[in-house]
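# starting from these lines, generate the structure:
(2 chains)
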Amino acid sequence: SQQGEEDPQALSIQEGENATMNCSYKTSINNLQWYRQNSGRGLVHLILIRSNEREKHSGRLRVTLDTSKKSSSLLITASRAADTASYFCATDPNTGGFKTIFGAGTRLFVKA
Amino acid sequence: NAGVTQTPKFRVLKTGQSMTLLCAQDMNHEYMYWYRQDPGMGLRLIHYSVGEGTTAKGEVPDGYNVSRLKKQNFLLGLESAAPSQTSVYFCASSYRADRGEGAFFGQGTRLTVV
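So this is what the prediction gives:
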């Protein structure tokens, strides 16, 4: 089964609004990563947060990690139509392996 | 710098046919991965490699084989294609996990088995 699960499955907002997506996972992790996928394209790495970090910023992106709740959130501020995409979280489980396991993604639609 | 290149981009196979998908990366990454993506399922790991000459099974390895004879290439083989293998296949590569960097993905191969 998937290690990561995103919530909500789909999100529709107006341009300029903030978008928040959540990810929950099941086992201990080394790090958690967020990726974006535009329709029909490959995934693009957005940001990585290590298990000993609680918050990280990159431009309009803000990621939080709560290892006690095994959850993470991705906030996109001042969203743009170009942010329309699917967003996935991926976890590197702390099991001695090097697999990155993805959730099913959140589909974000930003209306202009 | 091409990144991760997958060939072919599209392919239609008949049930029982075989094919090989090629993935090439020019970033000197140690790790390479093959995923499949089906609607509503996210990405599922098929096989991965942590270095030249090594491979390991992922979440859904049945029906697939892989080889990593050179560090920059990771091949995914389907010996006898089945309709259930209709999917979009993505290759990815990354540095070692302790580098703390994400993976780079190819543009995908859309495979249809009829």
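# thought B:Cys91 was touching B:Thr7?
No - judged on CB atoms under 8 Å, B:Cys91 makes no contact with B:Thr7 at a distance of 10.0 Å. Yep, even glycine has a C-beta here, placed from its N, CA and C like the rest.
# of the two, which one has the most company?
Under the neighbour definition other CB atoms under 10 Å in any protein chain shown, B:Cys91 and B:Thr7 were set side by side, and B:Cys91 has more, 30 against 13.
# which residues touch the nearest residue to that one once chain neighbours are set aside?
Excluding its sequence neighbours, the residue lying closest to B:Cys91 (CB to CB, 6 or more residues apart in numbering or on different chains) is B:Cys23, at 3.4 Å. Residues counted as contacts of B:Cys23 (CB atoms under 8 Å, 6 or more residues apart in numbering or on different chains) are B:4-6, B:32, B:34, B:73-76, B:91, B:93, B:106.
# quick check, pLDDT for B:Cys23.
pLDDT for B:Cys23: 98.
# give me the next element, helix or strand, following the helix or strand encompassing it.
Assigned by DSSP states H and E, B:Cys23 belongs to strand B:19-25. Downstream of strand B:19-25, the first helix or strand assigned by DSSP H and E is strand B:31-38.
# list the strands paired with that following strand, with their directions.
strand B:42-49 (antiparallel), strand B:87-94 (antiparallel) (DSSP bridges).
# quick one: contacts of the first one?
The reference is to strand B:42-49. A:2, A:43, A:88, A:98-105, B:31-38, B:55-61, B:64-66, B:68, B:74, B:76, B:89-90.
# can you count the residues close to the closest residue to A:Arg50 other than its chain neighbours?
The shortest distance from A:Arg50 to any non-neighbouring residue, by CB to CB, 6+ apart, is to A:Asn31 (4.8 Å). Neighbour count of A:Asn31, defined by other CB under 10 Å: 22.
# in contact with A:Asn31, which residues?
Counted by CB under 8 Å, 6+ apart, A:Asn31 has contacts A:48-51, A:91-92, B:97, B:100.
# please convert the buried members of those residues into ChimeraX selection syntax.
A single ChimeraX command is used to select the members of the contacts of A:Asn31 judged buried by 16 or more other CB atoms under 10 Å in any protein chain shown:
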select /A:48,49,91,92 /B:97
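# quick one: which of the contacts of A:Asn31 sit in strands?
A:48-50, A:91-92 (DSSP state E).
# intersection of neighbour lists for B:Cys91 and B:Thr7?
B:Leu21.
# picking that back up, looking at the strands paired with strand B:31-38, which has the lowest confidence?
strand B:42-49 (a mean of 91).
# CA atoms only: put it into PDB for me.
Output in PDB follows, covering the C-alpha atoms of strand B:42-49 (Å, rounded to 0.1, in the frame of the first residue of the first chain):
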ATOM      1  CA  GLY B  42      -0.500   7.800  -7.900                       C
ATOM      2  CA  LEU B  43       2.900   6.300  -8.700                       C
ATOM      3  CA  ARG B  44       3.800   2.800  -7.800                       C
ATOM      4  CA  LEU B  45       7.400   1.700  -7.700                       C
ATOM      5  CA  ILE B  46       8.200  -1.200 -10.000                       C
ATOM      6  CA  HIS B  47      12.000  -1.700  -9.500                       C
ATOM      7  CA  TYR B  48      14.900   0.400  -8.400                       C
ATOM      8  CA  SER B  49      18.700   0.400  -8.400                       C
END
